[in-house]
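Asks: Turn this into a model:
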Amino acid sequence: MLFLLTGMQIKMSQSLIPGGWMAHDEKVCRRRARDAEWKFRVSKGYEKDTFWNKVRFCMTHKD
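Replies: Model prediction:
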């Protein structure tokens, strides 16, 4: 049983890209997911969470 698990780990590690770099397909997939999430947030009326938006909010909402 242990031999089978070791063999599976070797196969899985061989499919990984050395150095932890992402393959082109994975980069494209992540970019699409990020864009889809941003479009969803815009459709709900959320503002982009950036440094300048936080500064603008702090300057206009003084309590």
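Asks: okay, and the helix or strand of the protein with the least pLDDT?
Replies: helix 2-15 (a mean of 56; mean pLDDT, DSSP states H and E).
Asks: Which element is encountered next along the chain beyond that helix?
Replies: For helix 2-15, the succeeding helix or strand toward the C-terminus, using DSSP states H and E, is helix 24-43.
Asks: Give me the contacts around that following helix.
Replies: 22, 48 (Cβ atoms under 8 Å, 6 or more residues apart in numbering). All C-beta spots, glycine's among them, are computed from the backbone N, C-alpha and C.
Asks: Backbone dihedrals for residue 61, both of them.
Replies: Here is the backbone geometry of residue 61 (degrees, to the nearest 10): phi -120, psi 70.
Asks: going forward, begin numbering at 286 instead of 1
Replies: Fine by me, first position is 286 from now on; the one you just mentioned is residue 346.
Asks: low-scoring pLDDT stretches of this structure, where are they?
Replies: 286-305, 348 (pLDDT under 70).
Asks: let's go with 80 and repeat that
Replies: 286-307, 332-334, 347-348 (pLDDT under 80).
Asks: quick one: residue 327 and residue 321, what's the gap?
Replies: 11 Å (Cβ to Cβ, to the nearest Å).
Asks: Oh, that last question was meant for residue 307, not what I typed.
Replies: 18 Å.
Asks: try residue 328
Replies: Distance, residue 328 to residue 321, using Cβ to Cβ: 11 Å.
Asks: got a list of contacts for stretch 340-348?
Replies: Under Cβ under 8 Å, 6+ apart, the answer for stretch 340-348 is an empty list.
Asks: repeat that for 10 Å
Replies: With contact meaning Cβ atoms under 10 Å, 6 or more residues apart in numbering, stretch 340-348 is reached by 332, 335.
Asks: If you count neighbours, what's buried in it?
Replies: For stretch 340-348, a neighbour-count test (16 or more other Cβ atoms under 10 Å) marks nothing as buried.
Asks: Extract the C-alpha trace of that stretch and format it as PDB.
Replies: Output of stretch 340-348 as PDB, limited to C-alpha atoms (Å, rounded to 0.1, in the frame of the first residue of the first chain):
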ATOM      1  CA  VAL A 340      -7.500  58.000   0.600                       C
ATOM      2  CA  ARG A 341     -10.400  59.700  -1.100                       C
ATOM      3  CA  PHE A 342     -12.900  58.000   1.200                       C
ATOM      4  CA  CYS A 343     -10.900  59.100   4.300                       C
ATOM      5  CA  MET A 344     -10.700  62.700   3.100                       C
ATOM      6  CA  THR A 345     -14.400  63.000   2.300                       C
ATOM      7  CA  HIS A 346     -15.800  61.100   5.300                       C
ATOM      8  CA  LYS A 347     -14.400  62.800   8.300                       C
ATOM      9  CA  ASP A 348     -16.300  62.000  11.500                       C
END
